[in-house]
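>>> I'll drop the sequence and a predicted model, then ask my questions.
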Amino acid sequence: MTAAYRAHDSEPVAYVPFTPDTVQQHLDGVAAFLGGAANVIMQLSLRPVGRGVLESPVDSGKVTLHPVKRLRTTLTYLAVALMGTDEERVAYRDAVNESHRPVRSTAASPVKYNAFDPKLQLWVAACLYWGIDDLHTRMHGPMDPASAEAFYQYCARLGTTLQMRPEMWPADRAAFAGYWAENLATKSIEPELRRYFDAMIDLKMMPRPIQLAFARMQRFIVTGLLPQHLRDEMRMTWTAHDAARFDRILRTISAVHSRLPKPARMFPVNAYLLDMRIRRRLGKPLV
């Protein structure tokens, strides 16, 4: 049993650390799928991360060119970071590192960046954790304090699976809340990046029938999951009626989803983890 101290008092929150097996009780495959696009916007709102994506010479990883592959890579990273063994995390880190190696600023870049920068990876990991926790709370209600702290501590793996050092992860959930509020308030979205996001949200990289069928709902979901500051930066509107409707949708999804057997509840995250294991066994590229 471990004790973490909250910043606002001296009472420790005792918790039992999660494992790759026990963490799955707080993961939903549908949440990872629903939250993907909004989380990309959060991550790329840090300008060096955003410029790194816009200027990246690695075309194979661009969502606008290869949306299915990009989805596989992102959800596989989540699966490996949270549910993989230490050996699998090392293997996936090596594969991601190979893709990240060319992603660094040039003399023409408006801001300096390097995909191996631990501070940038801290922000990306923070966005992933915040998004998972936010959707879990919306769909299932808040975790009890001990589970919430244990889950938070475990989610350091979202950064340490790459180059983020463990000590960079804020000490507890209270410290994270301060880090999140302070850093989110500084984020802005430049016009070029906003156009990139709008194309992604409206599924411009997909065939026209898919755009017509799903783009409007995708925009609604993305708007609902973004923090208000980033909605404003994206020039999105969100009313109390929208919020109430969105809450009803999430509650309905949760009511159905919670009754499914575990393999179905974990899909597609479990499927991507299995795919990675098969690829690794066959010696195929992981990324």
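Yep, that arrived.

>>> Name the nearest residue to residue 243, sequence neighbours excluded.
When the adjacent residues along the chain are set aside, residue 243 lies closest to residue 224, with 7.2 Å between them (Cβ to Cβ, 6 or more residues apart in numbering). Just so you know, the C-beta spots here come from the backbone N, C-alpha and C atoms, and that holds for glycine as well.

>>> That neighbour: what secondary structure?
helix (DSSP: H, G, I helix; E, B strand; the rest coil).

>>> State the distance from it to residue 47.
24 Å (Cβ to Cβ, to the nearest Å).

>>> ok now do residue 203, which residues does it touch?
By Cβ atoms under 8 Å, 6 or more residues apart in numbering, the contact list for residue 203 reads 210, 211, 214, 215, 218.

>>> Just the pLDDT for the closest residue to the third one other than its chain neighbours.
The shortest distance from residue 214 to any residue other than its chain neighbours is 6.2 Å, reached at residue 203 (Cβ to Cβ, 6+ apart). Per-residue confidence at residue 203 stands at 94 (pLDDT).

>>> Would you double-check that residue 13 falls in a strand?
Yes - counting by three-state DSSP, residue 13 is located in a strand.

>>> burial of it, as a residue count?
Here the number of neighbours of residue 13 (other Cβ atoms under 10 Å) works out to 21.

>>> hey, what's it bridged with?
residue 4 (DSSP bridges).

>>> What pLDDT does the model give it?
74.

>>> What backbone torsions are found at residue 162?
phi -110, psi -130 (degrees, to the nearest 10).

>>> switch to numbering from 58
Got it, the first residue is 58 from now on, which makes the last one we talked about residue 219.

>>> Tell me if I'm right that it and residue 150 touch.
Yes - counting by Cβ atoms under 8 Å, residue 219 touches residue 150, with 5.9 Å between them.

>>> of those two, who's got more company?
Shown here are residue 219 and residue 150; by other Cβ under 10 Å, residue 219 has more neighbours (22 against 19).

>>> In space, what's closest to that one - neighbours in sequence excluded?
Nearest to residue 219 is residue 178, by Cβ to Cβ, 6+ apart, at 5.2 Å.

>>> residues in contact with the one you found?
216, 219, 220, 221.

>>> now the helices: where do they sit in the chain?
Here the chain has its helices, by DSSP state H, at 86-101, 104-112, 124-140, 143-157, 175-197, 202-211, 214-217, 230-241, 248-258, 265-282, 285-290, 297-314, 319-323, 326-339.

>>> Identify whichever of the ones you listed lies nearest to residue 164.
helix 104-112 (11.8 Å; Cβ to Cβ).

>>> okay, the closest one in PDB with CA atoms only?
In PDB, the C-alpha atoms belonging to helix 104-112 read as follows (Å, rounded to 0.1, in the frame of the first residue of the first chain):
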ATOM      1  CA  ARG A 104       3.000  25.000 -30.300                       C
ATOM      2  CA  PRO A 105       6.200  23.000 -30.600                       C
ATOM      3  CA  VAL A 106       4.200  19.800 -30.700                       C
ATOM      4  CA  GLY A 107       1.800  21.300 -33.300                       C
ATOM      5  CA  ARG A 108       4.600  22.600 -35.500                       C
ATOM      6  CA  GLY A 109       6.300  19.200 -35.200                       C
ATOM      7  CA  VAL A 110       3.200  17.600 -36.700                       C
ATOM      8  CA  LEU A 111       2.600  20.200 -39.400                       C
ATOM      9  CA  GLU A 112       6.300  20.200 -40.500                       C
END
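
>>> if we can go back for a sec, need phi/psi at the residue nearest to residue 271.
phi 60, psi 40.

>>> how about JSON lines for the helices of the chain, with distance to residue 164 added?
Shown next, in JSON lines, are the helices of the chain (distance: least, Cβ to Cβ, whole Å):
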{"stretch": "helix 86-101", "distance to residue 164": "22"}
{"stretch": "helix 104-112", "distance to residue 164": "12"}
{"stretch": "helix 124-140", "distance to residue 164": "28"}
{"stretch": "helix 143-157", "distance to residue 164": "20"}
{"stretch": "helix 175-197", "distance to residue 164": "20"}
{"stretch": "helix 202-211", "distance to residue 164": "40"}
{"stretch": "helix 214-217", "distance to residue 164": "29"}
{"stretch": "helix 230-241", "distance to residue 164": "28"}
{"stretch": "helix 248-258", "distance to residue 164": "18"}
{"stretch": "helix 265-282", "distance to residue 164": "34"}
{"stretch": "helix 285-290", "distance to residue 164": "28"}
{"stretch": "helix 297-314", "distance to residue 164": "44"}
{"stretch": "helix 319-323", "distance to residue 164": "46"}
{"stretch": "helix 326-339", "distance to residue 164": "37"}
